[in-house]
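Student: Dropping a prediction and its sequence here:
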Amino acid sequence: MAFLELQNIKKSYYLGKEEFPVLNGIDLSFDKGEFVSILGESGGGKSTLMNIIGGLDRNFEGIVEVNGDKLDHRQEKKLDVYRRETIGYIFQSFNLINYQTNLENVETSLNMTTLSAAERKDRAKALLTKVGLVEHLHKYPSQLSGGQKQRVAIARALASDPDIMIADEPTGALDSVNTTEVLELLKQIAEEGKLVIVVTHSQSVAEYGTRILHMADGKIDEEKYLKDKFLVPENTKRLTSRPLKSSSIWDMAFDHLKYKKLQNFLIILGSAIGVFSVIIFLGLGNGIKGYITNQVDALVNPNYQSVVRNTTKDKDASAAERMQATAQARATNYSSTTMNKAMLNRLDNVQGVDAVYAGGQFSNAVFTYGNVKSQPVQIQSWSPQFSKKTIKAGHQAKSGEVLIDQAYAKKIQSNYQALIGKTISFSYMAFDSSNRPVVIATSAKIAGMTDGGQSGAMFIQNWSTMQNDLKKNNAVTEANYAAVEIKDTKAVSATMKRINKLQSNGMQSFAGVSLTDILSTINTITSLASYVLAAIAGISLLVSAIMIIVTTYMSVSERTREIGVLRALGARSKDIRGLFTNEALLIGIISAVVGITIAYIGQILMNTALNGLIHFSIVQVSVGNVIFAVVISILIALIASFVPSRRAAKLNTIDALAAD
Ligand SMILES: Nc1ncnc2c1ncn2[C@@H]1O[C@H](COP(=O)(O)OP(=O)(O)OP(=O)(O)O)[C@@H](O)[C@H]1O
């Protein structure tokens, strides 16, 4: 029984419904050790027959039997294995992979065997030595002559130790010297016991073989035996094949990435800028939120909240609106705004409230030192709600003392701290029990200076000192606001809600805005703004996605032949998809790393630059932000490469090999 048998092979091409028969029933048998040349007119069907023998063409009629086993052309996986183990291809136009060295080209075929890395390297070197290219191992195909390229291709075809070597016009692009050298190599391969089938137009090339077949009109019309077939050595050690290793697919993707340096550098730069901007905006959002919280914490203690008596009947008014109404009512109907003991006790009994501190706030206070008058300001009693950090010089106001605003103190004299201990006069407006205005004109020792920052100027006395002045002038001494202490920071919001719900005579009793709520609103707005900015920055990621799509498409078209060669060597369609997906993934990963690095440097630079101004790290990139950016970058690369990689994987091998 022959090693390779073709029985009644028929093949037609169709143009619409019109049939163009190419092979009209071919019966042939081949043995190992034969060197068979196929001659024939152009368009006679030689290449078509080769593709069928080589397991590239699946649409034909008839039977191909190899070593007694029928080859099932419907099973793609089996054909992949068949090409990997049994067939070696040599093409007229060499079809070497241009971004791999000669050694790597041969190794690519060996990467589909179970040999170890060292064994693969040794075998690739030995094969290139055998074809006379030991000095050119690390050169690229573009650095070789045509004859040398074809010898690399022969070494690659031999790498997996196939039984059948198919060469379609292997000398078509070579001069006579190189032709002889290549034919000698092919003859040597046949002598080693392989079946060599060569398609040629040249009678002299055909004469090299052991048998000549002539094709015309899709049939073998002549067959001539020139010599005996070569003896097949027995028990030759065979290589075991395996699918292309995934590490090799990564290596190839990386090699191609390096080969197209400039193009990929630009894409990576574009994507990295996108990643950088997204991270920086998210980090800026964190920083601004942190900054606001920090600023507010520096001014007020979140565990103390201001509460005033409610004066409006409008139940739908927000707590802030009701507080505003009370502030206005102080000037027109003062007695409606004061809180007596019973009211303060009521507050104290609210679940979550740990203590209640009564206090007073009066507007239209004017301070006078020498002839330096202040603007009309508010004077208020010290509340535990205030942060001690607001006192910039001196100490808290004790009995008979007052804390004055630092900016005003500076206006009085430049060495303003020398004012501590000096007496200052001031007046403010209060009310008597009949709601008539009473001017409190008094004086106090300056205890120190405050800086209210964003919340404005702060003039502060202790409540009992203020009450004394009020009493002396027959003004109402009841509190007009209270600070409630809520020790459990998490309970602040809920406790304030309870206070706002308390009612008497059908209207709410109190009004109080939780600073925590305001803060969380501000923080929500800041987060939103930073997400919007990050999303805008994300547009550049979209652009990079488009760039990846375009380059992967371009890459697929440029590398169509490479795809064909890899398939002919036995790579599976999913290996081809992996090749392009991996390259896009590498771009995504490198972009993320570069983007994160620039963002990290940017964060340091921006924080250093702004630290003098705000004493706060305004960009605070979190680990979560970084992970988010990496995931987005990789996802975009994956999604962008999805369609082009699939297209590459689905390419028909014969068409791919015929690509220009
Ligand atoms: N994909 C295809 N679609 C339609 N017709 C095709 C296709 N491929 C090949 N043919 C036709 O099939 C016939 C045989 O082509 P094939 O390439 O096998 O011939 P060949 O003998 O190898 O020719 P040459 O010596 O010029 O390479 C030709 O007439 C060709 O036009």
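Tutor: That came through, no problem.

Student: quick one: average confidence on stretch 211-223?
Tutor: Averaged across stretch 211-223, pLDDT comes to 91.

Student: For it, report the contacting residues that lie outside it.
Tutor: Residues from elsewhere that reach stretch 211-223, judged by CB atoms under 8 Å, 6 or more residues apart in numbering: 11, 21-28, 34-41, 44-46, 49, 206, 224-226, 229. For every residue, glycine as well, the C-beta is placed using N, CA and C.

Student: Those residues, buried ones only, as a ChimeraX selection?
Tutor: In ChimeraX, this line selects whichever of these come out buried by 16 or more other CB atoms under 10 Å:
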select :11,22,23,25,26,28,34,35,36,37,38,39,40,44,45,46,49,206,229
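
Student: now, which of the contacts of stretch 211-223 lie close to the ligand?
Tutor: Among the contacts of stretch 211-223, proximity to the ligand is found for 22, 40, 44-46 (CB under 6 Å from any ligand atom).

Student: what comes up buried for the strand or helix carrying Ala155?
Tutor: Assigned by DSSP states H and E, Ala155 belongs to helix 146-159. For helix 146-159, a neighbour-count test (16+ other CB under 10 Å) marks 147-159 as buried.

Student: Can you give me the buried ones in the helix or strand encompassing Val177?
Tutor: Counting by DSSP H and E, the element that carries Val177 is helix 176-191. Across helix 176-191, burial judged by 16+ other CB under 10 Å covers 178-183, 185-191.

Student: count of neighbours near Gly218?
Tutor: Per other CB atoms under 10 Å, the neighbour tally for Gly218 reads 23.

Student: Name the nearest residue to it, ignoring sequence neighbours.
Tutor: In space, and not counting its chain neighbours, Gly218 is closest to Asn24: 3.9 Å by CB to CB, 6 or more residues apart in numbering.

Student: Pretty sure the one you found sits against Asn8.
Tutor: No: with contacts counted by CB atoms under 8 Å, Asn24 stays clear of Asn8, the gap being 9.7 Å.

Student: Now the element after the helix or strand bottoming out on mean pLDDT in the chain, going C-ward?
Tutor: When the helices and strands of the chain are scored by mean pLDDT, DSSP states H and E, helix 515-558 comes last with a mean of 78. Using DSSP H and E, the helix or strand that follows helix 515-558 towards the C-terminus is helix 560-569.

Student: which strands and helices sit next to that next one?
Tutor: helix 76-85, strand 87-91, helix 102-110, helix 573-614, helix 653-657 (3 or more CB pairs under 8 Å, 6 or more residues apart in numbering; DSSP states H and E).

Student: what angle do the fourth one and helix 76-85 make?
Tutor: If you take axes from the mean of the first three to the mean of the last three CA atoms, to 10 degrees, helix 573-614 sits at 90 degrees to helix 76-85.

Student: Could you number the chain from 63 rather than 1 from now on?
Tutor: Okay, using 63 as the starting number, the last item reads as helix 635-676.

Student: After helix 635-676, which helix or strand is next? Please name it.
Tutor: Immediately after helix 635-676, counting by DSSP H and E, sits helix 685-712.

Student: other SSEs contacting that next one?
Tutor: Judged by 3+ CB pairs under 8 Å, 6+ apart, helix 685-712 is in contact with helix 323-361, helix 577-620, helix 635-676.

Student: circling back: looking at the contacts of stretch 273-285, which are in helices?
Tutor: Taking DSSP state H, the ones among those that sit in helices are 108, 111, 268.

Student: Tell me where the model's unsure across the stretch 213-362 of the chain.
Tutor: Applying pLDDT under 70 to the stretch 213-362 of the chain flags residues 297-299, 358-362.

Student: Touching stretch 629-640 from outside, list them.
Tutor: Here stretch 629-640 makes contact (CB under 8 Å, 6+ apart) with 116, 118, 138-139, 142-143, 145-147, 149, 151, 170-171, 174, 218, 222, 303, 305-306, 308, 311, 625, 628, 707-708, 710-713, 715, 718-719.

Student: Can you tell me how far Thr374 is from Val538?
Tutor: To Val538, Thr374 is 20 Å away according to CB to CB, to the nearest Å.

Student: Distance from the helix holding Ala217 to the middle of the chain?
Tutor: 41 Å (CA atoms, centre = their mean, to the nearest Å).

Student: got the residues of this protein near the ligand?
Tutor: 75, 84, 102, 104-110.

Student: same thing but 5 Å
Tutor: In this structure, the chain approaches the ligand at residues 75, 84, 104-110, judged by CB under 5 Å from any ligand atom.

Student: Show me the two of those that sit farthest apart.
Tutor: Tyr75 and Ser104 (15.6 Å; CB to CB).

Student: Name the residue in the two with the higher neighbour count.
Tutor: Tyr75 (11 against 6).

Student: which residues does Glu243 contact?
Tutor: 194, 209, 213.

Student: Closest one to Asn644 out of the residues you listed, please.
Tutor: Arg213 (30.2 Å).

Student: so what are the domain limits for the chain?
Tutor: According to automatic domain parsing, the chain comprises the domains 66-304, 319-357+582-719, 364-576.

Student: lowest-confidence stretch among those domains?
Tutor: domain 319-357+582-719 (a mean of 86).

Student: just how off-centre is it within its chain?
Tutor: Taking CA atoms, centre = their mean, one finds the center of domain 319-357+582-719 at 4 Å from the center of the full chain.

Student: do the same with stretch 715-722
Tutor: Using CA atoms, centre = their mean, the offset of stretch 715-722 from its chain centre is 35 Å.

Student: buried sites along that stretch?
Tutor: 715-716, 718-719.

Student: all strands of the stretch 463-612 of the chain, in order?
Tutor: 463-467, 485-493, 499-512, 521-523, 543-547, 565-566, 569-570, 572-573 (DSSP state E, counting those that start in this stretch).

Student: Ok, the stretch 263-412 of the chain next?
Tutor: 273-278, 281-287, 366-371.

Student: Partner strands of the longest one, with direction?
Tutor: Taking DSSP bridges as the criterion, strand 281-287 pairs within the sheet with strand 273-278 (antiparallel).

Student: what two of the ones next to the ligand among the contacts of stretch 273-285 are the furthest from one another?
Tutor: The widest separation within those (CB to CB) is 11.8 Å, between Val84 and Gly102.

Student: Can you report how many residues lie near the residue nearest to Ala646 when sequence neighbours are not counted?
Tutor: Once flanking residues are discounted, Ala646 sits nearest to Ser703: 3.3 Å by CB to CB, 6+ apart. Neighbours of Ser703 under the rule other CB under 10 Å: 28.
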